[in-house]
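Participant: Just a sequence and a predicted model for now, questions to come.
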Amino acid sequence: VQLVESGGGLVQPGGSLRLSCEVSGFTLDYYAIGWFRQASGKEREGVSCINRINGSTWYADSVQGRFTISRDNAKYLVYLQMNDLKPEDTAVYYCGGAAFQSREKNHYSEWGQGTQVTVSS
């Protein structure tokens, strides 16, 4: 089981990035996928997650209306489209796999290595 994030980078405030989480070793209809982030000196926090069965989604209040999670089961990819980025969105972003949709990091058993997102002018 492997998850690999990509798409991070440096962007100005108000800009956009699309993160990708490529999974291997399991099918997306077996795992719920969550995006988490960890800023320097802070705890890892949930950003968004998508249900493995019906595709229902959840977003943290801080990103609601700006971020969109989606998945392409055929390509084994989960995306996080991030618009109107703010400096406080700066963090390492991780995707994780869980048996059920959850906003709690302790429910996730599989993790990628993370991708850095820096929002700065």
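Facilitator: It's in. Numbering: from 1, shown residues only.

Participant: Give the bridge partners for the spatially most central residue of the chain, please.
Facilitator: Compute the mean C-alpha point of the chain, and by C-alpha atoms, centre = their mean the closest residue is residue 35, 2.4 Å away. Beta-bridge partners for residue 35, by DSSP bridges, are residue 48, residue 95.

Participant: Thought residue 19 was touching it, still the case?
Facilitator: Yes - assessed by C-beta atoms under 8 Å, residue 35 is found in contact with residue 19 at 7.1 Å. To be clear about C-beta, it is placed using only N, CA and C from the backbone, and glycine gets the same treatment.

Participant: quick one on the thing from earlier: separation between the residue nearest to the centre of the chain and residue 63?
Facilitator: The gap separating residue 35 from residue 63 is 9 Å, by C-beta to C-beta, to the nearest Å.

Participant: Neighbours of the residue nearest to residue 9 when sequence neighbours are not counted, how many?
Facilitator: Spatial nearest neighbour of residue 9, excluding adjacent residues (C-beta to C-beta, 6 or more residues apart in numbering): residue 17 at 6.3 Å. For residue 17, the neighbour count with other C-beta atoms under 10 Å is 20.

Participant: re earlier: shared neighbours of residue 35 and residue 19, anything?
Facilitator: Each of 80, 93, 95 lies in contact with both residue 35 and residue 19 under the rule C-beta atoms under 8 Å, 6 or more residues apart in numbering.

Participant: and the last one, what is it in contact with?
Facilitator: Which is residue 95. Contacts for residue 95 (C-beta under 8 Å, 6+ apart) come out as 3, 5, 19, 21, 33, 34, 35, 36, 78, 80, 111, 112.

Participant: With that, I have no additional questions.
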